[in-house]
Each structure stands twice: as C-alpha cells, then as structure tokens.
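Colleague: Sequence below, structure please.
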Amino acid sequence: MKNDTINILLVEDNEGDIVLTLEAIKQTKAIKNVYVVKDGEEALLYLHKQKYFADVTTPDIIFLDINLPKIDGKEVLAEIKSDNKLKSIPVIMLTTSSSGEDIVDAYNHYANCYISKPIDFEKFREVLKVVEDFWSSIVQLPGHISN
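Modeller: The predicted structure follows:
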C-alpha cells in the first residue's frame with residue numbers, strides 16, 4: 001500500500017485544531033487527501049454520501065473529535081460502527097479530552113484508537129507521524145484491497 005493515496009476525513013469543529021492538524025498531516029510522508037467537516041451532522045452526511053456530499057470519496061481513515069456541535073463524536077462513532085458499509089473504516093479518536101469515561105466509551109463503540117492531542121505542536125506532529133507510519137506503511141486498509 002506504500003504508493004496508494006490515503007483519504008482522510010477529519011471531523012473537527014475548532015478552526016485552530018483544524019489548521020494544526022492539517023499542518024501536521026502535511027509534514028508526514030504518505031500521499032493523502034484530507035477532507036474536513038466541522039460537526040457530527042456533516043460527518044454523517046459525508047459518510048452516507050447525502051446532500052452536497054453525494055460524490056465524495058469514502059475515507060480510508062477517520063480522525064474524529066469527541067466534542068462536536070449538532071451530533072457529538074461518540075454518536076458519530078456509534079453510527080459508523082453500526083453501519084455495515086462504514087464499520088470497517090478505522091476511526092481514530094483525536095481529541096483534547098483525556099477523560100477516562102470518554103476513552104472507555106470510545107473503545108466500547110469500537111474506536112480503533114484514542115489519542116489525546118498534545119498541546120505542543122512539535123509533539124502533535126510527532127504523534128501524527130507515528131499514526132501515519134502505522135496506518136500507511138504497516139496496516140492494510142480495507143479500501144485498498146483489490147478483489
């Protein structure tokens with residue numbers, strides 16, 4: 001999969017976090033397309049290819065914040081993992097919350113991993129580099145399997 005493009009859906013409502021995440025992702029080696037939606041309702045419309053998202057690319061990986069307007073990240077995660085067409089997409093909870101309850105809830109709803117965002121940009125970039133290395137070089141993603 002090393003030469004394949006990775007399609008990432010970033011679900012984040014905080015403009016500053018969006019900029020930091022995009023900058024950190026840009027500095028990683030993998031070839032990727034990043035799509036951004038800013039609330040849980042938009043995320044579900046995107047994933048179900050509804051309304052103005054009818055022609056979007058299905059993401060290979062989802063970076064999902066917990067604290068989102070309209071529909072929170074836990075509800076989005078629960079819907080993704082209960083949908084047969086979406087449940088195989090890895091969901092990485094990428095959030096400022098380090099609450100034990102949030103972590104347990106995320107894994108109970110089948111999050112693939114839970115990352116509390118470091119405040120320091122350099123540490124955040126390092127975390128995303130490790131995530132990128134793992135998901136682009138080691139893991140075989142379901143969207144990249146040819147039958």
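Colleague: In stretch 72-79, which residues are buried?
Modeller: Across stretch 72-79, burial judged by 16 or more other C-beta atoms under 10 Å covers 73, 74, 75, 76, 77, 78, 79. Where C-beta positions appear, they are placed from N, C-alpha and C, glycine not excepted.
Colleague: Tell me which of these fall in strands.
Modeller: Judged by DSSP state E, the buried residues of stretch 72-79 include no members of strands.
Colleague: tell me the contacts of the residue lying closest to residue 66 once chain neighbours are set aside?
Modeller: Excluding its sequence neighbours, the residue lying closest to residue 66 (C-beta to C-beta, 6 or more residues apart in numbering) is residue 73, at 4.0 Å. Residue 73 sits next to 11, 40, 64, 65, 66, 67, 93, 95 when contact means C-beta atoms under 8 Å, 6 or more residues apart in numbering.
Colleague: any idea which of the buried residues of stretch 72-79 is the one closest to residue 15?
Modeller: Proximity of the buried residues of stretch 72-79 to residue 15 was ranked by C-beta to C-beta; the top entry is residue 73 with 16.9 Å.
Colleague: Retrieve the pLDDT associated with that closest one.
Modeller: Residue 73 is assigned 94 on the pLDDT scale.
Colleague: what stretches of the protein score poorly on pLDDT?
Modeller: 1-3, 31, 143-147 (pLDDT under 70).
Colleague: Would you map the strands across it?
Modeller: Counting by DSSP E, the strands of the chain are 6-11, 32-37, 61-64, 91-95, 113-116.
Colleague: Pull out the buried positions in stretch 61-72.
Modeller: 61, 62, 63, 64, 65, 66, 68.
Colleague: swap that for stretch 33-41, sorry
Modeller: For stretch 33-41, by 16+ other C-beta under 10 Å, it's 34, 37, 38, 39, 40.
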